[in-house]
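In: I would like to see how this sequence folds:
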Amino acid sequence: MVTELIENPKAPRVKRVAALARKKERGETGRFLVEGPQAVRELLTYRPALAEVVYATTGTEAWQLELDRLASDAGVEIERATPQVIQAMAETVQPQGVIAVARIPDATLADALAGAKLVAVMHEVRDPGNAGAVLRAADAAGADAVVFSGESIDPWHPKVVRSTTGSLFHLPVVTESSLEDVVAAAREAGLETIAADVRGDEITDVRAQLRGGIAWVFGNEARGLGEAERDVIGRSIRLPIYGAAESLNLATAASVLLYETAFSQRA
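Out: Below is the predicted model:
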């Protein structure tokens, strides 16, 4: 259903949507923002049950017609708004004409890990771009779930949502405060937990050992994983540096390790 045009950027409902850029508001409402045609398309295609309402500008561009159809098929309300209203709702400086409000899924850690063979765990990862890039790589490598643990950034932060380019809606994503609980749950699900760490075994020596179910744990961008955290995880593996680079950034290292595991599991 399409409603009348929203024209007032200061309207209460506009302010309520904009407030979802804050973690406190997301926690209290159980809702988050999805900005841009690509992300909203993936939401409506893969997780339509999470979509609550779509706000979009008027027009006949291909993405507008497609989102109208997807929303209609999913029974999701579309509210038309001016570009000024969309700007007032958005967290980004240059929104692309559409924003959706979606419910945060209530999947548990046990549900996410059940039957999994490849899982990415981000522990104390703070940068939204890094978090989104790792999640996107996990999706591309065929991972079964992504877990955010410790004081990692909220996966429902608008910047994380945008940087995943829709991958957030392709696989279970859960948060858990305790790394110990994540490791215990992974092992209960039959997964080996492995830390991505420069002090570990070189992957070229252990590639054949990556065929079973594995939960990779990736640490903070600046400091990695501490000794106590590595002890909890139990095993560490590193990527070799063949050139003169000091190190690989988090997203690149995670991408390589996830794909190496996917290759081994499919061999």
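In: surely Leu248 meets Tyr242?
Out: No - with the criterion set as CB atoms under 8 Å, Leu248 and Tyr242 do not qualify as a contacting pair; they are 11.3 Å apart. All C-beta spots, glycine's among them, are computed from the backbone N, C-alpha and C.
In: The two - which one has more neighbours?
Out: Set Leu248 next to Tyr242 and count neighbours by other CB atoms under 10 Å: Leu248 wins out with 17 against 6.
In: what's the more buried one in contact with, if anything?
Out: Leu248 sits next to 239, 241, 256 when contact means CB atoms under 8 Å, 6 or more residues apart in numbering.
In: the strands in the protein, which residues?
Out: Counting by DSSP state E, the chain has these strands, from start to end: 31-35, 51-56, 77-80, 98-103, 118-123, 145-149, 173-176, 192-202, 214-218, 236-238.
In: Format the ones you listed as JSON lines; extra columns: mean pLDDT.
Out: JSON lines is the format used below for the strands of the chain (pLDDT from 0 to 100):
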{"stretch": "strand 31-35", "mean pLDDT": "97"}
{"stretch": "strand 51-56", "mean pLDDT": "97"}
{"stretch": "strand 77-80", "mean pLDDT": "94"}
{"stretch": "strand 98-103", "mean pLDDT": "97"}
{"stretch": "strand 118-123", "mean pLDDT": "98"}
{"stretch": "strand 145-149", "mean pLDDT": "98"}
{"stretch": "strand 173-176", "mean pLDDT": "97"}
{"stretch": "strand 192-202", "mean pLDDT": "94"}
{"stretch": "strand 214-218", "mean pLDDT": "98"}
{"stretch": "strand 236-238", "mean pLDDT": "95"}
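In: Kindly reformat those strands as JSON lines containing mean neighbour count and distance to Lys15.
Out: Formatted as JSON lines, the entries for the strands of the chain read as follows, by neighbours: other CB atoms under 10 Å; distance: least, CB to CB, whole Å:
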{"stretch": "strand 31-35", "mean neighbour count": "24", "distance to Lys15": "13"}
{"stretch": "strand 51-56", "mean neighbour count": "21", "distance to Lys15": "13"}
{"stretch": "strand 77-80", "mean neighbour count": "18", "distance to Lys15": "15"}
{"stretch": "strand 98-103", "mean neighbour count": "24", "distance to Lys15": "13"}
{"stretch": "strand 118-123", "mean neighbour count": "26", "distance to Lys15": "32"}
{"stretch": "strand 145-149", "mean neighbour count": "25", "distance to Lys15": "28"}
{"stretch": "strand 173-176", "mean neighbour count": "20", "distance to Lys15": "26"}
{"stretch": "strand 192-202", "mean neighbour count": "18", "distance to Lys15": "42"}
{"stretch": "strand 214-218", "mean neighbour count": "27", "distance to Lys15": "36"}
{"stretch": "strand 236-238", "mean neighbour count": "19", "distance to Lys15": "47"}
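In: Can you check which of the ones you listed gets nearest to His157?
Out: Of all those, the one in closest proximity to His157, counting by CB to CB, is strand 31-35 (8.1 Å).
In: Give me the sheet partners of the closest one and which way each runs.
Out: Using DSSP bridges, strand 31-35 pairs in its sheet with strand 98-103 (antiparallel).
In: follow-up on the earlier one: ok, and the most crowded of the contacts of Leu248?
Out: For these, counting by other CB under 10 Å, the largest number of neighbours falls to Leu239: 18 neighbours.
In: residue ranges with poor pLDDT in the chain?
Out: Within the chain, the ranges that satisfy pLDDT under 70 run 1-3.
In: Can you give the domain ranges for it?
Out: Under automatic domain parsing, the residue ranges defining each domain of the chain are 12-103, 109-266.
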